[in-house]
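Undergrad: show me the folded form of this:
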Amino acid sequence: MTDSAPGFDFTGLRRRPDVEAENLQAYDAADRLLLDTAAHELETAATRAGNGAADGGVVVIGDAYGALTLGAAAGHGLRGIRVHQDPLTGEQALEANATGLGLEDAYAHHHLDARLLAGARVVLLRLPRSLNALEEIASLMAEHAAPDVMVFAGGRLKHMTTAMNGVLGRYFGSVTAGLARQKSRVLTVSAPLPAEARGPRRFPVCERHDVGLAAPLELWAYGAAFGGSALDPGTRFLLPHLSGARDAERAVDLGCGTGTIAAYLALTRPDLQIMASDQSEAAVRSTAKTLYANGVSERAVVTRADGLSWLPERSEDLIVLNPPFHIGATVHAGIALKLFADAGRVLRPGGELWTVWNSHLMYKPALNRLVGPTREVARNPKFTVTVSTRR
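TA: Numbers count the residues shown, from 1 in each chain. Below you'll find the predicted structure:
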């Protein structure tokens, strides 16, 4: 295998505006292995584009911070690469890294839809940990990519399972595992199956949950939405305690996921305006569908944003948060602390942040410091609900 990106300095890539730390990198061995494995097809795509094609037919899905996109562009002179990244911070990091390398014209952002994959000939895919996310991607690739598409799907061995081969095999006739290198592996996938063999498209999915309301709460989820259409147990523990939250004209569901908290607040407080935000495109689409299905979308605004960056200081009275405890595949407290600090910035004096967290994480000192005096509302063997009041 040859170096697919000669002269490209992966170590120069940064994660900003995502959390940066000594143990968090903007690339890994799986990115390099993917580029090396796909080197011949990427070179062919560059030749195809050079011979007058509209673009080389190259699509990148799940690029964390730009290593795949910029490595392909720098190593093969590719332009017109179509890129989908579910997290907004991934898009922003790619933009910043591309600007630093003078490669702003090498790619374009796309939603996860038919336009992303129409006529695709080469797909570089970082395997998502969620099988639902992988299935949604696989179904779209099989339906819209070129018949001769070559998909290179890679990841770290510790995050790969044989179930991923099975998901891809439901949509493609050939799935071949390559040799492992530096604890990473690439699956080479080809021969999209015909529509009658694939079956109907499955996403978004829906489940109905009894949360003590007059009717079940209907949750909708696209493939990459964390937790899918199930009801997160921490959120289930939090919901009934929200009756004690302060009166407000509007509430913010920060990190809205599939919209459980946003829909519950709207249904239990008929005069409340809802603002929901998440950096995940799949989460934002899922929340919008959940709010519509429960008949409360007219009182809600859903925004894809990095935390509360879209709201001014001291503008809100009520924020509700079930914070993530991971960044991508890495367990890390940094993202929760970032969201706590954002809530402290946006709350007015006297405003409240209601949150639920795994009790072993012991977030109360951080909440006291970043938001204000924090009291425990409820606790069970696994979860703690707290309310923090802005000074």
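Undergrad: what are the boundaries of the helices in the stretch 101-250 of the chain?
TA: Residue ranges of the helices in the stretch 101-250 of the chain, as given by DSSP state H, counting those that start in this stretch, are 114-117, 131-144, 162-169, 195-198, 233-238.
Undergrad: which parts of stretch 55-74 are buried?
TA: Across stretch 55-74, burial judged by 16 or more other CB atoms under 10 Å covers 55-74. Bear in mind the C-beta positions are built from the backbone N, C-alpha and C, glycine included.
Undergrad: just those residues: which are in helices?
TA: Among those, the members found in helices (DSSP state H) are 67-74.
Undergrad: adding pLDDT and distance to Leu308, write the residues you listed out as TSV.
TA: TSV is the format used below for these (pLDDT from 0 to 100; distance: CB to CB, whole Å):
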residue	pLDDT	distance to Leu308
Ala67	98	28
Leu68	98	30
Thr69	98	28
Leu70	98	29
Gly71	97	33
Ala72	97	34
Ala73	96	33
Ala74	95	35
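Undergrad: between these, which sits nearest Met362?
TA: Of all these, Met362 sits closest to Ala67, with 34.4 Å by CB to CB.
Undergrad: picking that back up, out of the helices of the stretch 101-250 of the chain, the one nearest Tyr363 is which?
TA: It is, among those and with distance given as CB to CB, helix 233-238, at 12.4 Å.
Undergrad: does anything pack onto the closest one? Which helices or strands?
TA: helix 260-268, strand 347-358, strand 383-389 (3 or more CB pairs under 8 Å, 6 or more residues apart in numbering; DSSP states H and E).
Undergrad: which residues are contacting whatever helix or strand comes next after that helix?
TA: With elements assigned by DSSP states H and E, the helix or strand that comes after helix 233-238 is strand 250-254. Residues outside strand 250-254 that contact it (CB atoms under 8 Å, 6 or more residues apart in numbering): 245, 259, 261-262, 265, 269, 272-277, 287, 307-308, 311, 316-321, 339, 342-343, 346.
Undergrad: what strands flank strand 250-254, and is each parallel or antiparallel?
TA: Strand pairing for strand 250-254, using DSSP bridges, gives strand 273-278 (parallel), strand 316-321 (parallel).
Undergrad: need the ones you listed in a markdown table (columns: distance to Asp18).
TA: As requested, the strands paired with strand 250-254 are arranged in a markdown table below (distance: least, CB to CB, whole Å):
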| stretch | distance to Asp18 |
| --- | --- |
| strand 273-278 | 14 |
| strand 316-321 | 18 |
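Undergrad: possible to save those strands as a markdown table with mean pLDDT?
TA: Formatted as a markdown table, the strands paired with strand 250-254 follow (pLDDT from 0 to 100):
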| stretch | mean pLDDT |
| --- | --- |
| strand 273-278 | 98 |
| strand 316-321 | 98 |
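Undergrad: neighbours of Arg198, how many?
TA: 16 (other CB atoms under 10 Å).
Undergrad: tell me if I'm right that it and Gly169 touch.
TA: No - under the criterion of CB atoms under 8 Å, Arg198 lies out of contact with Gly169, with a separation of 11.0 Å.
Undergrad: before we move on, back to that, need the helices and strands packed on helix 233-238 in a markdown table with mean pLDDT and distance to Val302, can you?
TA: As requested, the helices and strands packed on helix 233-238 are exported to a markdown table (pLDDT from 0 to 100; distance: least, CB to CB, whole Å):
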| stretch | mean pLDDT | distance to Val302 |
| --- | --- | --- |
| helix 260-268 | 98 | 8 |
| strand 347-358 | 97 | 19 |
| strand 383-389 | 98 | 24 |
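Undergrad: most packed of those?
TA: Counting by mean count of other CB atoms under 10 Å, helix 260-268 has the highest mean neighbour count of those, with a mean of 25.
Undergrad: now that one against strand 273-278, angle please.
TA: Angle between the axes of helix 260-268 and strand 273-278 is 170 degrees (criterion: axes from the mean of the first three to the mean of the last three CA atoms, to 10 degrees).
Undergrad: worst mean pLDDT across the helices and strands of this structure, which element?
TA: Across the helices and strands of the chain, mean confidence by mean pLDDT, DSSP states H and E is lowest for strand 330-331: a mean of 45.
Undergrad: let me know whether Val302 touches Ala288 as I believe.
TA: Yes - Val302 is within contact range of Ala288, at 4.8 Å (criterion: CB under 8 Å).
Undergrad: mind checking which of the two has more residues around it?
TA: Of the pair Val302 and Ala288, Val302 is the one with more neighbours under other CB under 10 Å, namely 24 against 19.
Undergrad: look at that one and report its pLDDT.
TA: For Val302, the pLDDT comes out at 98.
Undergrad: before we move on, what about Arg15?
TA: 93.
Undergrad: measure it to Gly102 for me?
TA: Applying CB to CB, to the nearest Å, the value for Arg15 to Gly102 is 20 Å.
Undergrad: the two: who's more crowded?
TA: Shown here are Arg15 and Gly102; by other CB under 10 Å, Arg15 has more neighbours (23 against 9).
Undergrad: quick check, the more buried one in contact with Leu24.
TA: Yes - judged on CB under 8 Å, Arg15 makes contact with Leu24 at a distance of 6.3 Å.
Undergrad: so who does Trp357 touch?
TA: Counted by CB under 8 Å, 6+ apart, Trp357 has contacts 234, 322-323, 325, 336, 363, 383-384, 386.
Undergrad: closest to Ala191 out of those residues?
TA: Proximity to Ala191 was ranked across the contacts of Trp357 by CB to CB; first place goes to Phe325, at 39.4 Å.
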